[in-house]
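curious how this folds, go ahead:
(2 chains)
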Protein chains: 2
Amino acid sequence: MKKNFILAIDLGGTNLKIALFNLQFRLKARKVFSTQCFAKKAILIQAILDSVENILKENALDLNAVLGLGLGLPGPIDIRRGIVHFFPNIPGWKRVGLKKILERRIGLPVFIDNDANLMCLAEHKLGSARGFMNAVCLTLGTGVGGGIIIEGRLYRGVDNAAGEIGHMPINEHGSNCNCGGIACLETYIGNKRILSYAKRIFKRKISLEELSLLAKMGNKGAKDIWSEVASRLGIALCGVVNLLNPDVIVLGGGIANAGRVLFQGVRQTISSRAMSIQAKHVKILKARLGNDAGLIGAAIMVKEGVRL
Amino acid sequence: MKKNFILAIDLGGTNLKIALFNLQFRLKARKVFSTQCFAKKAILIQAILDSVENILKENALDLNAVLGLGLGLPGPIDIRRGIVHFFPNIPGWKRVGLKKILERRIGLPVFIDNDANLMCLAEHKLGSARGFMNAVCLTLGTGVGGGIIIEGRLYRGVDNAAGEIGHMPINEHGSNCNCGGIACLETYIGNKRILSYAKRIFKRKISLEELSLLAKMGNKGAKDIWSEVASRLGIALCGVVNLLNPDVIVLGGGIANAGRVLFQGVRQTISSRAMSIQAKHVKILKARLGNDAGLIGAAIMVKEGVRL
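A predicted model of the protein is given here:
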């Protein structure tokens, strides 16, 4: 039987998304489950298995039609051995050999990687970073993740832990970060930080979407908040630009929807503070693949992994 | 006639060093000229030509015995076209096609690159970074330069301007840097900054060597100064470690002679502030090739360049 499909899962702190792609990475089916109730490791693993069974059944496919399963996971991964080091936002996972567990239970080749790496892979293969040799991709959400393309290939570092742009310090002193660091970019521009700041300014709870909308309508308070986010993101990116001299930086995730005020602010900070040669060249673009970038990247990983 | 020798030049703001290597990168001869009096571009180019003629004559060699000339230069270089963009500390150089000028005048293949890149190349080929796949090398002097080895090869970035670790900001606000940036690492730990700080503490002029010696003898003022340098260098390196997840960071240049107080301080900052997986792996080593690293790197570039 011809293996015409790829299964991809994007596991986050709130959702488990599963999708079925064809070999050209076209989305054939997609389902979302809440992970809030999967508190225990064994239950979460069972939920992964159930989601695979469920999507195959709904699409009247059997396993023989599937090339493999790729998972994008919210934490550091040892890809060579298929081990989850830990998940910063999901308790109970420590050195879990997830690849082997799933391969044994499902009977398919399984590939796992960090979600930010896969988002970067997808944006480079099919999105905004396509055609560029040296690219840096960021996902701006609860956490600030990143991935790096060097000379056309995903750069992983010695422990597959490269790309943690959210944990570059932008000040000597500042708040403690979940990662153990101090004054990391994420402590300034993580979703929660922006929302709590906005709540102080507007004296009520406000969503990121509303904050973006208000800024687009010219509201000064909202514009100021985004300008500050842009400035701090821009300062961290000055370090990245001077260090890596990339062709392009791609911004994805919820915060990247803030629009012009954010992108203009980032560009302005880089053009005024980064070194002239590096700053002149680098493009700052919005991610093109949206929320499905992680799923698409997981599917790409499977196709490339099986081919190797 | 067999081409058994390579000529290498390391041009700095104060000195022009020229050396003769054999094809195994053994130093056969070496001369130093002051560049202080070569204020004009034409005079400096003539001094390069004279130094080549001089070293060949003194060693009774003719041009036919030489494979090529490599130059390490103190500024951003377009290596593909052999053009000097500019020198931050030598006036009068702007978009100079130095490779062509020298090839025409000398009649040898000429290769030019940034001095920090060449130091990194040398340390990776023959020094402390040897055998590591992913390495970051720093030269700590008047300026703070750097080079990056990715998967065993020098990583240059899109404009050959990667590796500018000295120009990663470590604070949002701070002093203006020569590069146009604000609060760059170099504004805190460049030679001049350290010396002027030491002068304030000791109420007299003091050299880097003396400052290192005092620290080794346990002088509190000197130890405090180096601890602060180590902490700031360490903070910038936390960003590098979290971003690139390298195997090794090699520290060279005058400041790297401060010894234990500096290296311990850097290691401590990284182990306490960088992410655990990345911090656990990375080694912080002293450069092994000393002041000749730039010359050796220039010779390596010639051999690799001619072989291509």
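
Three-state assignment for the most centrally placed residue in chain A, please.
Closest residue to the average C-alpha location of chain A: residue A:116 at 3.4 Å, with CA atoms, centre = their mean. Assigned state for residue A:116: helix (three-state reduction, DSSP: H, G, I helix; E, B strand; the rest coil).

how about it: what's its closest non-neighbour residue?
Among residues not flanking residue A:116 along the chain, residue A:145 sits closest, at 3.2 Å (CB to CB, 6 or more residues apart in numbering or on different chains). Yep, even glycine has a C-beta here, placed from its N, CA and C like the rest.

was I right to think that neighbour contacts residue A:161?
No: assessed by CB atoms under 8 Å, residue A:145 is found out of contact with residue A:161, at 11.5 Å.

please, which helix or strand holds the residue nearest to residue A:116?
strand A:144-150 (DSSP states H and E).

quick one: distance of the following helix or strand past that strand to the chain centre.
Moving toward the C-terminus from strand A:144-150, the next helix or strand (DSSP H and E) is strand A:153-155. How far strand A:153-155 lies from its chain's middle: 15 Å, per CA atoms, centre = their mean, to the nearest Å.

stretch A:102-116 too?
Counting by CA atoms, centre = their mean, stretch A:102-116 comes out at 18 Å from the chain centroid.

next: stretch A:211-221.
On CA atoms, centre = their mean, the centre of stretch A:211-221 falls 26 Å from the chain's centre.

likewise stretch A:118-135?
In terms of CA atoms, centre = their mean, the centre of stretch A:118-135 is found 13 Å from the chain centre.

enumerate the residues of the stretch 201-308 of chain A near chain B.
A:231-232, A:235-236, A:238-240, A:242-247, A:272-278, A:281 (CB under 8 Å from any CB of the partner chain).

same thing but 7 Å
Contact residues (CB under 7 Å from any CB of the partner chain) of the stretch 201-308 of chain A with chain B: A:232, A:235, A:238-240, A:242-247, A:273-278, A:281.

would you confirm that residue A:78 contacts residue A:96?
No: Residue A:78 is beyond contact range of residue A:96, at 10.3 Å (criterion: CB atoms under 7 Å).

phi, psi of the closest residue to chain B within the stretch 201-308 of chain A?
Residue of the stretch 201-308 of chain A nearest chain B, by CB to the nearest CB: residue A:245 (2.5 Å). When read as degrees, to the nearest 10, the backbone of residue A:245 gives phi 50, psi 60.

how many residues are close by it?
Other residues within reach of residue A:245, judged by other CB atoms under 10 Å in any protein chain shown, total 27.

for it, which non-adjacent residue is closest in space?
Nearest one to residue A:245, counting by CB to CB, 6+ apart, is residue B:157 at 2.5 Å.

show me what contacts that neighbour?
A:134, A:244-246 (CB atoms under 7 Å, 6 or more residues apart in numbering or on different chains).

does stretch A:182-198 reach chain B?
Yes: applying CB under 7 Å from any CB, one finds stretch A:182-198 in contact with chain B at residue A:182.

which among the residues of the stretch 201-308 of chain A next to chain B end up buried?
A:232, A:235, A:238-240, A:242-247, A:273-275, A:277-278, A:281 (16 or more other CB atoms under 10 Å in any protein chain shown).

wait, residue A:41 touches residue A:92, no?
Yes: if you go by CB under 7 Å, residue A:41 and residue A:92 touch, sitting 4.7 Å apart.
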